[in-house]
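Participant: fold the following for me, if possible:
(one chain, ligands or ions: 1)
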Amino acid sequence: MAESAELILDGKSISLPVIEGTEHEKAFDIGKLRDQTGYVTLDSGYKNTGATKSAITFLDGEEGILRYRGYPIEQLAEKSSFLEVAYLLIYGALPTQAEFDDFKYRITQHTLIHEDIRKILDGFPSSAHPMGILSSLVCSLTAFYPKSIAPEISKEELDLNIVRLMAKISTIAAWSYKNSVGHPLIYPRNDLDYCGNFLYMMFSFPTEKYQLNPVVVSALNKLLILHADHEQNCSTSTVRLVGSANASLYGSVSAGINALWGPLHGGANQEVVEMLEAIQADGGNTQKWVDKAKDKNDSFRLMGFGHRVYKNFDPRAKIIKVAADEVLKALGINDPLLKIAGELEQAALTDPYFVERKLYPNVDFYSGIIYRALGIPTEMFTVLFAMGRLPGWIAQWREMRENKEPIGRPRQIYTGELERDYQDISAR
Ligand code: MLT
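Facilitator: Predicted coordinates for the structure are as follows:
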């Protein structure tokens, strides 16, 4: 491997050190580029720019590989649980039984949220999107746990903030749903596991307790695992950038939730189901919509296909597709949207238009379908994505702080007006 890259600019040559990661990804370090040359790089959307070095998640877009701390996502989805994967991502190793029991116990002890947070929730109209409630109430934790906003916090305090956030996000998420449908809030129980407790708070009523279905609990565990981290995606980069200013974990994650809310990011799974519902409402003629998606004069595009980093297939989609089939079969659900989704999937996998453009189904395409099967309402899909991604955000924020990374401050190329003098308004 080359030790350095030579850059020749304006007749001058400079050497840029080359670094190689453990999976042989290579980069040249431009940390001194502007000082040495006066130039900066320009890479809109940072598609070719490494923002950091990280030991948390590795993905290979060409080979469709995704590993959390070296463990293949396929093995974790099959054999682990969401909280065990959360511990792995955050602390870097699979927990011993004692460590895992302690982690689960501490999370269970923190699922309640302060009754004054409930008063904030009561102030939201039922029309409020649950993601707006989630980001607001997560940020409100800074008010109830003011030690969390200190620029420097101890390991013990950080561990407590982490456990509080992991515990309370499921209660806040379930309550954001109850607020949206005007139903009474259901408080968490200490005798249920993480996913079971969330489903219980989502679907129980004071007069009728939700009966947990092990198929549903298992599928939710798998879905949250598959969403737990994805290297430097938009929302994780947001969490890192906000956290690099020494902002609190709660404030940084609240910013990440808002980034994930964007339809081009975490909001895509909600867009997929709304697209399928529109096709169904239009009579279910899937080929008509496939043709619209291919028509360059038509603005319609298929949601849930293709990916910024995966070039051949999204490994998470493969796992979720199998899980969706299993859940629908186990629950005896014949969802008409699934037929439409299957026809779109076949078009994406066989029609040269989509194959040439690598527009194959991604994780968002199937996750919306399985969430529907689990009874999760469409507006809650991105909230589930946020719940799943939370350990990844925490792990990345923690790594950024442990590595004492500098405040993020990208440069720009100015394209505006040259210097000019102020004119009094009477002379304009
Ligand atoms: C994610 O999991 O964050 C999405 O696939 C988006 C991405 O990685 O860019």
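
Participant: for the lengthiest helix in the chain, packing partners?
Facilitator: For the chain, the helix that runs over the most residues, judged by DSSP state H, is helix 155-181. Contact here means 3 or more C-beta pairs under 8 Å, 6 or more residues apart in numbering; DSSP states H and E; on that basis helix 155-181 packs against helix 82-91, helix 97-108, helix 115-122, helix 130-144, helix 194-203, helix 249-261, helix 381-402. For the C-beta atoms, the positions are set from N, CA and C on the backbone; glycine is no exception.

Participant: nearest to residue 408, of those?
Facilitator: Residue 408 sits nearest to helix 381-402 of all the helices and strands packed on helix 155-181, at 9.2 Å, using C-beta to C-beta.

Participant: can you put the helices and strands packed on helix 155-181 in TSV and add distance to the ligand?
Facilitator: Below are the helices and strands packed on helix 155-181 laid out as TSV (distance: least, C-beta to the nearest ligand atom, whole Å):
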stretch	distance to the ligand
helix 82-91	13
helix 97-108	23
helix 115-122	27
helix 130-144	15
helix 194-203	19
helix 249-261	8
helix 381-402	7
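
Participant: tell me which of those sits nearest to residue 14.
Facilitator: helix 381-402 (28.2 Å).

Participant: contact residues of the stretch 101-250 of the chain facing the ligand?
Facilitator: 230, 233 (C-beta under 6 Å from any ligand atom).

Participant: listing request: residues of the stretch 101-250 of the chain with sub-threshold pLDDT.
Facilitator: Across the stretch 101-250 of the chain, nothing is flagged by pLDDT under 70.

Participant: pick out the residue in the stretch 1-150 of the chain sitting closest to the ligand.
Facilitator: Ranked by C-beta to the nearest ligand atom, the top residue of the stretch 1-150 of the chain for proximity to the ligand is residue 59, at 7.9 Å.

Participant: I figured that residue hits residue 231, correct?
Facilitator: Yes: Residue 59 lies in contact with residue 231 (C-beta atoms under 8 Å); the separation is 5.7 Å.

Participant: what about the two, which has more around it?
Facilitator: residue 59 (21 against 18; other C-beta atoms under 10 Å).

Participant: and that one, what is it in contact with?
Facilitator: Taking C-beta atoms under 8 Å, 6 or more residues apart in numbering, we find residue 59 in contact with 65-67, 230-231, 309-310.

Participant: got it, and residue 14?
Facilitator: Contacts of residue 14 (C-beta under 8 Å, 6+ apart): 6-7, 33, 36-37.

Participant: one more time with 6 Å
Facilitator: 7, 36 (C-beta atoms under 6 Å, 6 or more residues apart in numbering).

Participant: sec struct for it, please.
Facilitator: Here residue 14 is strand, with the state taken from DSSP: H, G, I helix; E, B strand; the rest coil.

Participant: how close does it get to residue 3?
Facilitator: According to C-beta to C-beta, to the nearest Å, residue 14 stands 14 Å off from residue 3.

Participant: same question for residue 380.
Facilitator: According to C-beta to C-beta, residue 380 stands 51 Å off from residue 3.

Participant: more neighbours: these two, which one.
Facilitator: Comparing residue 380 with residue 3 by other C-beta under 10 Å, the one with more neighbours is residue 380, at 23 against 8.

Participant: was I right about the more buried one contacting residue 176?
Facilitator: No: Residue 380 is beyond contact range of residue 176, at 7.9 Å (criterion: C-beta atoms under 6 Å).

Participant: mutual contacts of those two, please.
Facilitator: The contact sets of residue 380 and residue 176 overlap at residue 130 (C-beta under 6 Å, 6+ apart).

Participant: just put the helices and strands packed on helix 155-181 in TSV and tack on mean neighbour count.
Facilitator: Putting the helices and strands packed on helix 155-181 into TSV (neighbours: other C-beta atoms under 10 Å) gives the following:
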stretch	mean neighbour count
helix 82-91	23
helix 97-108	15
helix 115-122	13
helix 130-144	21
helix 194-203	22
helix 249-261	24
helix 381-402	25
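
Participant: got these as TSV, with distance to residue 353 columns?
Facilitator: Output for those, formatted as TSV (distance: least, C-beta to C-beta, whole Å):
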stretch	distance to residue 353
helix 82-91	37
helix 97-108	47
helix 115-122	46
helix 130-144	33
helix 194-203	39
helix 249-261	30
helix 381-402	27
